[in-house]
Structures are given as structure tokens and as C-alpha cells.
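Student: mind folding the following:
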Amino acid sequence: MNLNRTKRLVKKPLYRVYESRILKFLDRDKLPKHIGVIHDGHRRYARAEGLPDYAASYREGMKKFIEFLGWADELEIHAVTCWLLSTENLSRPAEELEPYYDVLVSLFDNIPNKIQGHDVAVRFVGSLDLLPQRLSDAAKRLEAACNEGTRHVTIALAYGGRQEIVDAAQELVRGLADDGVSAEEMAEHIDAVALGSYMYTADLPDPDLVIRTSGETRLSGFLLWQAAYAEFSFVDVYWPEFRRVDFLRAIRDFTHSNRRYGK
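Tutor: Just a heads-up that it's a prediction; the model follows:
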């Protein structure tokens, strides 16, 4: 057995005790309403664990994704936005992307069974037209199967933060033109409120907390507009080994933060 996995198994009972302690003292009135997650580190995890290929790591990561949805459900988090594929990722070699597409198709087809009865609606944001037909079709099936719920899971796929802002600006200008606003007058109608209303997640509260795994300490363009005043949690572990205790610690630290919103 891999030495790292052996160590994790030995520590598992201790983490359960730690998790219970965090939950016991967690201030439920200060929980984030919207959490963004950058699921990073699949390929590095595969190399560190000596897995036979990246597909094995992708499968582990998507099992973890289902677990994460359960953790968020346990705390009744109103909304989570999960970045599973960036537009930059699309430039990777086909031998890396195709297995990931296959794993995502399987994930999307299985999510309805996992969240049935949990009052969760699922939707996708990003440039789905850039994806293979089988993947975009799976995304549409998932949206159709899980289209009602008071809590929201948003999956960012073929997503880039800069492109989102470009899309919002274009839609705003088109809307103004449709309303008969002249080119000379348009500048007066473009402000933060107007532009924000065209962002992909405009109907959700801005994320309070953004979690990124794998030890990277940057957003890489994730929710650039919406995350202006979010708290950030950069976790050292790769996404496939992200644990409930890591999630709960990020939540606990958020409840202890003094959010000043730039004031």
C-alpha cells in the first residue's frame, strides 16, 4: 500500500474527533452563503501517488466532488460554485482531456441519484460550445434532471473569468442597443450594478469564501468580478485527497474572519 495512504488511514479516527470538535463550536450564524471551489491538483496527485494514469486521479477527484456536495449539504450552504474545467485547460493534449471528459460525463449522469431529495438545483456556466458534444449533452441532461431547488450548485466548465466579464459587457451593450440607447449615451448606462447584473451568477449572492486546493495561492481568473470581497482558503492538499476536516477548517476560519468589505 502507498505510504501516504497508510498514514491517512492511521490518522482517520483522529480527524473524525477533530471534525466533531469543529462542528460543536462552529458558529452557524456566520456560515458562508456562497462558496467557490477551485478543484486543483489532479495530475500532481496522480504522480505523487504513483497512479497508472491521470484518469485514475480524475475518478478519485470526482468521487471527492460528490463527497464535497454532501459536506456542503450537511451545513445547508445556500450556493456552491465549482470550477471543474477552465478554458486554459482546453489546450492540454487530447490524451489528457479525453479521459477527463469521460469521467465528467459519468459524474454528471450520476449526480441526480446522489442529490435526489436534497432540494438542490444544478446549472452550468462557461463556454459549453467549446466542449465535445457528449460532454455538453451530459451537462444539459443534468441541468434538466436537477432544475429545481432552493440551494444551488453551479458548475463552471470551459470557464474563464475574463471571458465572463467580456460576455457580460457584450450582453449589456446588446441590451442597451435593443432598448434604443444610442452609442453616444451608452457610457452613461454602464456601471458596476448594470454590468454585474449580466454576470453568470448574477442571481446568487457573491461568494463569501473561495477554496483552492493543491497549495497554489492564486485565483487564476475564477469569479474575478464576484470574488472582490471574498475570503480565501488555500489548502495544501491536492483535490482528490481533500478531506472533510480541510473543508470544516476553512469554514471555521471563515466564521472567525472580520469582513470589512474594503472599509
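
Student: quick one: residue 168 from residue 156, how far?
Tutor: With distances taken as Cβ to Cβ, to the nearest Å, residue 168 is found 15 Å from residue 156. Yep, even glycine has a C-beta here, placed from its N, CA and C like the rest.

Student: quick one, which of the two is more surrounded?
Tutor: residue 156 (25 against 19; other Cβ atoms under 10 Å).

Student: okay, that one: pLDDT?
Tutor: We have a pLDDT of 98 for residue 156.

Student: ok, now which ones touch residue 169?
Tutor: 190, 195, 198 (Cβ atoms under 8 Å, 6 or more residues apart in numbering).

Student: stretch 139-147: how far from the chain's middle?
Tutor: Stretch 139-147 sits 17 Å away from the centroid of its parent chain (Cα atoms, centre = their mean, to the nearest Å).

Student: what helix or strand is the residue positioned nearest the centre of the chain located in?
Tutor: Residue closest to the average C-alpha location in the chain (Cα atoms, centre = their mean): residue 82, at 1.3 Å. For residue 82, the host element (DSSP states H and E) is strand 79-86.

Student: list the buried residues for that strand?
Tutor: For strand 79-86, burial by neighbour count (16 or more other Cβ atoms under 10 Å) applies to 79, 80, 81, 82, 83, 84, 85, 86.

Student: what of stretch 160-172?
Tutor: 160, 161, 163, 164, 165, 167, 168, 172.

Student: my guess is the second one contacts residue 223. True?
Tutor: Yes: assessed by Cβ atoms under 8 Å, residue 161 is found in contact with residue 223 at 6.3 Å.

Student: surely residue 152 is within a strand?
Tutor: Yes: Residue 152 forms part of a strand when assessed by DSSP: H, G, I helix; E, B strand; the rest coil.
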